[in-house]
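Participant: Pasting the sequence and the predicted coordinates here, then a few questions.
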Amino acid sequence: MKFNTKTIHGGQEHDKAYGAVMPPIYQTSTYAQSTPGGHKGYEYSRTHNPTRHALENALASIENGNHGLAFASGLAAIDAVIKLLSPGDEVVSTNDLYGGSYRLFTKIYEDFGIKFHFIGMENADVIESYINNNTKLIWVETPTNPMMNVIDIEATARIAKKHEVLLAVDNTFATPYLQQPLDLGADIVMHSATKYIGGHSDLVMGALAVKDDALAEKLYFIQNASGAVCGPQDSFLALRGIKTLHVRMQRHCENGRAVAEYLAAHPKIEKVYWPGFETHPNHDIAKAQMNDFGGMVSFVTKGNDFDEAIKIVENLKIFTLAESLGGVESLAGHPASMTHASIPKELREKSGVVDSLIRLSVGIEDKEDLIADLKQAIG
């Protein structure tokens, strides 16, 4: 089954009770039992829920995994992965990553004795020098948030296998439409399903997909024991989102390219970060491991002027100034004061997240309208 068909049918079956084409919303916390332990596969909705189960099957299918897990948020999904570790373990992580991930790693798990190394991974060979006997996980974002750096998943997977450590890839920006890390050797794929998976800015959710049965069992245990699961209504919305993921991503990519090319030619723009440019440092890797280059674009104005960046995002009319990304509507953000404010300024700026950086989530509107909006806002 090819990807576009998987988004509609992958891992799905019609409801057994009445043949409903879309999995119903099983808005229930508990299930009747004929005798203690005698039930129809469901006993309590923290552990299993038919709507969430349908979503988890769909997530596994579109990532070419054997198991999917859905959580209350992307951070809850990341939290479950880190709970595979023990005090004294070490993690090698991308240095340019979502601020919430950085906050979880440094403000929560470092206090539990887990050590994190935040490094640039654009050259995968650098990763190996940070691996030691305590290393248990490599955490990768690609493309990274918000600098759009591209990391070679296949090369990183070879390093992980050589040293017998897990490789987890945050695939939020690319989505499984553009990139399938499990097929490239990753052990775990993570999504903030709030973003492109849901696609309509109306839910908060996280997801994991894996191939290995034993690893899946550990994660299912953590999911149930910790309880950070999503509800049936959000599961239903995410399933609906998956069914249009492929057509939405086609337009996101088309519009992303048009916006990136417009900004690159603008006399007031210093630098545009988008992996589709041949001048992007890892363009060839992006071209090899992605099917297209996505709808996320970041840029800085000439002179690195904070006030000018704020003026631009405040003047936008069609792009909405807001947190998050991946919805059908175009969004603009100022990472230094919004999504990445939890990262200390000196560390932010080392990875390129300067005060004038603007991040765009390019939606599926008419690209001419989006470009006109940028034109009037930038001047």
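Facilitator: Nice, I can see it.
Participant: Please, where are all the helices along the stretch 251-379 of the chain?
Facilitator: Assignment of helices within the stretch 251-379 of the chain using DSSP state H, counting those that start in this stretch yields the ranges 283-289, 306-315, 345-350, 367-378.
Participant: mind checking how far the shortest one is from the chain centre?
Facilitator: Averaging C-alpha coordinates over helix 345-350 and over its chain gives two centres that are 22 Å apart (Cα atoms, centre = their mean, to the nearest Å).
Participant: can you check the second one too?
Facilitator: Shown here is helix 306-315, whose average C-alpha point lies 27 Å from the average C-alpha point of the whole chain (Cα atoms, centre = their mean).
Participant: same deal with stretch 85-94?
Facilitator: Distance, centroid of stretch 85-94 to centroid of chain: 20 Å (Cα atoms, centre = their mean).
Participant: can you pull the buried residues of that stretch?
Facilitator: Under the neighbour-count criterion of 16 or more other Cβ atoms under 10 Å, stretch 85-94 has 85, 89-94 buried. C-betas here are computed from N, CA, C, even on glycine.
Participant: likewise stretch 323-341?
Facilitator: Quick answer for stretch 323-341 (16+ other Cβ under 10 Å): 324-327, 330-336, 338-340.
Participant: Let's have those residues in JSON lines, adding pLDDT and distance to Gly113.
Facilitator: Shown next, in JSON lines, are the buried residues of stretch 323-341 (pLDDT from 0 to 100; distance: Cβ to Cβ, whole Å):
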{"residue": "Ser324", "pLDDT": "95", "distance to Gly113": "32"}
{"residue": "Leu325", "pLDDT": "97", "distance to Gly113": "33"}
{"residue": "Gly326", "pLDDT": "98", "distance to Gly113": "34"}
{"residue": "Gly327", "pLDDT": "98", "distance to Gly113": "38"}
{"residue": "Ser330", "pLDDT": "98", "distance to Gly113": "42"}
{"residue": "Leu331", "pLDDT": "98", "distance to Gly113": "37"}
{"residue": "Ala332", "pLDDT": "98", "distance to Gly113": "39"}
{"residue": "Gly333", "pLDDT": "96", "distance to Gly113": "34"}
{"residue": "His334", "pLDDT": "95", "distance to Gly113": "35"}
{"residue": "Pro335", "pLDDT": "92", "distance to Gly113": "30"}
{"residue": "Ala336", "pLDDT": "89", "distance to Gly113": "31"}
{"residue": "Met338", "pLDDT": "89", "distance to Gly113": "31"}
{"residue": "Thr339", "pLDDT": "82", "distance to Gly113": "28"}
{"residue": "His340", "pLDDT": "86", "distance to Gly113": "26"}
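Participant: Now for those: which two are most distant?
Facilitator: Gly327 and Ala336 (21.9 Å; Cβ to Cβ).
Participant: Pull the contacting residues for the residue nearest to Gly113 when sequence neighbours are not counted.
Facilitator: Leaving aside its sequence neighbours, Gly113 sits nearest to Pro87 (Cβ to Cβ, 6 or more residues apart in numbering; 3.2 Å). Residues counted as contacts of Pro87 (Cβ atoms under 8 Å, 6 or more residues apart in numbering) are 112-114.
Participant: Is Thr172 in contact with Gly326, as I believe?
Facilitator: Yes. Between Thr172 and Gly326 there is a contact under Cβ atoms under 8 Å: 7.4 Å.
Participant: Right, I'll call it a day here.
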